[in-house]
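Visitor: sequence and predicted structure are below.
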Amino acid sequence: FDFEHHMTVPEGIARFGIPLGIRIQRNVEIERYNDESISMTVDILAISSPRPPDLDMRPALKLSYCYMETELEELANSQALCNSLGPFPPSLIRQITTSQARGKKEAELVWQAEKEKEREIDSAICNKLLGTMEMQNPVKRSFGEAKETVIPTIFLLNIRNQLILPLHFFTNNRIKLVHTSPRVIHTKFVRPFGIDEQCGEKVQLLDLGKMITLWGNDDIYECLSPLHFLEASKNLLAALQLLCKAPTEFTDPLQAPTSNSTNYAVEYEKHLSYFKQMNDFKDTFALWYDFKREARMDILLGNVVFDWAKYVACVHIILQTRQAVEHSNLPSRSKLPQLSIMHDVLSAHAPTDKFFLE
């Protein structure tokens, strides 16, 4: 008797037109039948000879239905699909488990390959960075020696294009921040100032609206201490001197400066020198700050030259007005008195300055 034919499960039949759920249900029944048949055949085979002639060897094993590779992948990747189509025959469970294990192994190999690639990239970047932080042209700082302040180019471009920065932008700390952390400043591209340059390429300037929101304006004296005021004024003067520096040679004699010519740097230096020479500079700083700011803007935007006598008269009126307020026992204020009081005191002097007329 061919016992082997009753103990070896035959290959399945490929009838993929039958829905997957029905094939799974039928395979559950087929495998249960085949398992029972194989178990009976094994039991009979184990009986010692002579075997009873009336033993039933059961029919040959049934053919099960095959599954496509795509169906096995879907079952391995979707627990919801397995729950909807179950229960499964043992052979299908083994196939799904094997497919899942193979997928995890492949995913792990891919992950390891990606990690290895990242390590190679990091190693290459590290090798490129090695030795790139060597100091170029190192200098030795002497004790007590002040470091030269380098005016940022974008500051010079703003001044050249008639976009005057608030004075406290020129303190050493602000200038250092622009040099070391350029990403903190807001910029924009505009066409250069001047009718003849309207067709030129756009230049990058500070966005004054955003920068004033970030750093504040200089319309009140509290934005600067007297010390920082002198520091910022010195740096602004240095910027103007760079912009007004005459070329060493002139190709056109008509463009050469004359002996009586002036420029913004010269006039601003006179303007600054007047306030620096005041004996009570720190005490009266808050009083004449507004006038000083207005006069600075007149020089830089209005082409107004410095007039020593007018400065003396204006500052004298400001200080006398302050004294008048104090002698009249009015509440002391850190800024100039009210316009009604100013008008009474200034009426006799009949000033023509834009600052006082306003």
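Guide: Happy to help now that I have it.

Visitor: where does the stretch 201-350 of the chain have low pLDDT?
Guide: Applying pLDDT under 70 to the stretch 201-350 of the chain picks out residues 246-261, 329-350.

Visitor: give me that answer again for 50
Guide: Where the stretch 201-350 of the chain drops to pLDDT under 50, the residues are 248-256, 259, 332-350.

Visitor: and K188, that's in a strand?
Guide: Yes: remark: K188 belongs to a strand, assigned using DSSP: H, G, I helix; E, B strand; the rest coil.

Visitor: and it, what are its bridge partners?
Guide: Under DSSP bridges, the beta-bridge partners of K188 are L205.

Visitor: return the distance of it relative to A80.
Guide: Counting by C-beta to C-beta, to the nearest Å, the separation of K188 from A80 is 55 Å. Placement of C-beta: from N, CA and C, glycine included.

Visitor: neighbour count winner among the two?
Guide: Applying other C-beta atoms under 10 Å to K188 and A80 shows that K188 carries more neighbours, namely 13 against 7.

Visitor: my guess is the more buried one contacts V203, does it?
Guide: No: counting by C-beta atoms under 8 Å, K188 does not reach V203; the two are 9.9 Å apart.

Visitor: surely K282 and L230 touch.
Guide: No: with contact defined as C-beta under 8 Å, K282 does not reach L230; the gap is 10.3 Å.

Visitor: tell me which of those two has more neighbours.
Guide: Neighbour totals were compared for K282 and L230, and L230 leads with 15 against 12 (other C-beta under 10 Å).

Visitor: let me know the helix or strand that P87 is in.
Guide: Counting by DSSP states H and E, no helix or strand carries P87.

Visitor: name the nearest residue to it, ignoring sequence neighbours.
Guide: Excluding its sequence neighbours, the residue lying closest to P87 (C-beta to C-beta, 6 or more residues apart in numbering) is V28, at 6.4 Å.

Visitor: next: K210.
Guide: H186 is the one closest to K210 (C-beta to C-beta, 6+ apart), at 3.7 Å.

Visitor: show me the contacts for that neighbour.
Guide: Contact analysis of H186 by C-beta atoms under 8 Å, 6 or more residues apart in numbering lists 206-207, 210-211, 214.

Visitor: check C244 too.
Guide: By C-beta under 8 Å, 6+ apart, the contact set of C244 is 263-266.

Visitor: in CSV, list those residues along with distance to I93, neighbour count and secondary structure.
Guide: What follows is these, written out as CSV (distance: C-beta to C-beta, whole Å; neighbours: other C-beta atoms under 10 Å; DSSP: H, G, I helix; E, B strand; the rest coil):
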residue, distance to I93, neighbour count, secondary structure
N263, 93, 15, coil
Y264, 89, 17, helix
A265, 90, 19, helix
V266, 95, 16, helix
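
Visitor: how near is T213 to R174?
Guide: When distance is defined by C-beta to C-beta, T213 is 15 Å away from R174.

Visitor: and M133, by the same measure?
Guide: Remark: distance between M133 and R174 (C-beta to C-beta) = 26 Å.

Visitor: secondary structure element holding A107?
Guide: If you go by DSSP H and E, A107 is part of helix 90-129.

Visitor: again, but for L240
Guide: If you go by DSSP H and E, L240 is part of helix 226-244.

Visitor: may I see the buried residues of that helix?
Guide: Using 16 or more other C-beta atoms under 10 Å as the test for burial, helix 226-244 gives 226, 228-229, 231-233, 235-241.

Visitor: pLDDT at the residue nearest to K210, what is it?
Guide: With respect to pLDDT, H186 has a value of 89.

Visitor: and for the one 3 residues further on?
Guide: Here, the pLDDT recorded for F189 equals 84.

Visitor: can you pull the phi/psi pair for the residue nearest to S64 when sequence neighbours are not counted?
Guide: Counting by C-beta to C-beta, 6+ apart, S64 lies nearest to G12, which is 4.4 Å off, once chain neighbours are set aside. The phi/psi pair for G12 (degrees, to the nearest 10) reads phi -70, psi 170.

Visitor: need the contact list for G12.
Guide: So G12 contacts 63-66 (C-beta under 8 Å, 6+ apart).

Visitor: output the contacts of C244 as TSV; include the columns distance to P19.
Guide: Shown next, in TSV, are these (distance: C-beta to C-beta, whole Å):
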residue	distance to P19
N263	93
Y264	90
A265	92
V266	97
